[in-house]
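> Sequence plus predicted model, see below.
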Amino acid sequence: MSESGSGPTVDDETAPEPSWWHRSHPTFAGLVGFFSGVAYVILVPGLYAAVLSLVLGDKTAQRLFPLVLVALVVPLGMLVPRKTRRFAQFMLLGVVLTALVVGLTAALVIWVMVQTEG
């Protein structure tokens, strides 16, 4: 027990290592990378558009919105170092699959709407 009575103290040398799941499980980087990609493709463009429209107005925000594609430099840059390559591969997979699912769903909904109104 420590002198303050708050419980035992743990030195850096005797601190427990992260559990095996976080340290070496082969699925961990894949799952975290994929879901980071899903969140990345949804949150980054949304936040970018919101900040642009608040700061610059709607017309300028619409004109500058395609620059959000520059944000793809982050996962592409993470492919270079060997340490982050596996995470980045799964992150890009999450980005591409999310964009594909959203695009195909939108196309299907538009097609159904045109066919039922047509």
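That came through fine.
> Checking Val80 next. Helix, strand or coil?
Of the three states, Val80 takes coil under DSSP: H, G, I helix; E, B strand; the rest coil.
> ok, now how distant is it from Met91?
Using CB to CB, to the nearest Å, we find Val80 at a distance of 13 Å from Met91. Where C-beta positions appear, they are placed from N, C-alpha and C, glycine not excepted.
> Looking at those two now, which is surrounded by more residues?
Neighbours per residue, other CB atoms under 10 Å: of Val80 and Met91, the larger number sits with Met91, 28 against 9.
> which helices and strands does whichever helix or strand Tyr40 is part of pack with?
Tyr40 belongs to helix 26-56 when elements are defined using DSSP states H and E. If contacts are counted by 3 or more CB pairs under 8 Å, 6 or more residues apart in numbering; DSSP states H and E, helix 26-56 sits against helix 58-64, helix 73-78, helix 82-117.
> Compare those and report which one is nearest to Pro45.
Among these, helix 82-117 comes nearest to Pro45, with 10.0 Å by CB to CB.
> Give the rounded mean pLDDT of the closest one.
Helix 82-117 shows a mean pLDDT of 93.
> And that helix, what's buried?
For helix 82-117, the neighbour count (16 or more other CB atoms under 10 Å) marks Thr84, Arg86, Phe87, Ala88, Gln89, Phe90, Met91, Leu92, Leu93, Gly94, Val95, Thr98 as buried.
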